[in-house]
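In: below is the structure, and that's it, no one-letter string:
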């Protein structure tokens with residue numbers, strides 16, 4: 001159950017990386033409609049999905065930073081959410097997941113087109129920063145980009161305890177998905 005919260009952080013970071021990949025020339029602004037989710041798998045077909053709708057994008061012209069505030073991630077069960085935030089993600093000490101991506105690693109689609117590719121980035125989560133690879137798809141209509149990114153992570157890589165509750169433990173693997181829209185300036 002608590003792994004779901006950890007995966008939420010990872011999904012947020014993946015969304016941040018995706019945002020950076022969309023605009024290689026102009027700076028990105030005004031993130032719209034973000035949806036971030038993570039999925040954890042446990043025994044006997046158990047599946048925990050966490051979601052959030054808070055994601056910020058910063059673009060300095062050289063790199064894009066996608067930030068997901070982890071306290072907003074929810075799994076639909078308040079006790080599980082409390083454990084995820086307090087025990088596993090420790091959001092009081094580590095409030096965000098941040099994905100940093102070099103703009104040069106991202107392809108920008110032409111107007112009316114879309115791009116799908118893998119890209120490298122650095123994910124800062126739970127006090128650790130690690131290189132990651134994420135897959136993103138972006139489409140462009142004028143100055144608006146729609147982005148969908150996915151990332152597969154392992155909680156152990158970030159020093160996050162694998163969630164366990166009443167003897168039920170989830171796998172340390174987390175799948176993260178982020179979808180959002182950005183405009184170039």
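Out: Perfect, thanks for sending it. Computed from a predicted structure; not experimentally measured.

In: excluding chain neighbours, what is closest to residue 55?
Out: residue 34 (3.7 Å; C-beta to C-beta, 6 or more residues apart in numbering). The C-beta positions use only the backbone N, C-alpha and C, and glycine is treated the same way.

In: ok, that neighbour to residue 113 distance?
Out: 22 Å (C-beta to C-beta, to the nearest Å).

In: what comes up buried for the strand or helix carrying residue 80?
Out: Following DSSP states H and E, one finds residue 80 within helix 78-83. For helix 78-83, the neighbour count (16 or more other C-beta atoms under 10 Å) marks 80, 81, 83 as buried.

In: which helices and strands sit right next to it?
Out: Contacts defined by 3 or more C-beta pairs under 8 Å, 6 or more residues apart in numbering; DSSP states H and E place helix 78-83 against helix 3-22.

In: pretty sure the residue nearest to residue 55 contacts residue 57?
Out: No: Residue 34 lies out of contact with residue 57 (C-beta atoms under 8 Å); the separation is 9.0 Å.

In: of the two, who's got more company?
Out: residue 57 (25 against 22; other C-beta atoms under 10 Å).

In: please name the bridge partners of the more buried one.
Out: Beta bridges link residue 57 to residue 66 when assigned by DSSP bridges.

In: look at it and report its pLDDT.
Out: The per-residue pLDDT reported for residue 57 equals 87.

In: distance of it relative to residue 37?
Out: Counting by C-beta to C-beta - residue 57 and residue 37 are separated by 18 Å.

In: nearest spatial neighbour of residue 107, chain-adjacent residues omitted?
Out: Residue 107 sits nearest to residue 115 (C-beta to C-beta, 6+ apart), 4.6 Å away.

In: if I look at the one you found, how far off is residue 149?
Out: If you go by C-beta to C-beta, the gap between residue 115 and residue 149 works out to 12 Å.

In: what's the answer for residue 64, then?
Out: Distance from residue 64 to residue 149, by C-beta to C-beta: 12 Å.

In: returning to what we had before: nearest to residue 68, of the buried residues of helix 78-83?
Out: Nearest to residue 68 out of those is residue 81 (C-beta to C-beta; 15.3 Å).

In: that closest one against residue 70, yeah?
Out: No: with contact defined as C-beta under 8 Å, residue 81 does not reach residue 70; the gap is 10.8 Å.

In: who's residue 40 bridged to?
Out: Beta bridges link residue 40 to residue 48 when assigned by DSSP bridges.

In: and it, how many neighbours?
Out: If we define neighbours as other C-beta under 10 Å, then residue 40 has 28 of them.

In: all set, thanks.
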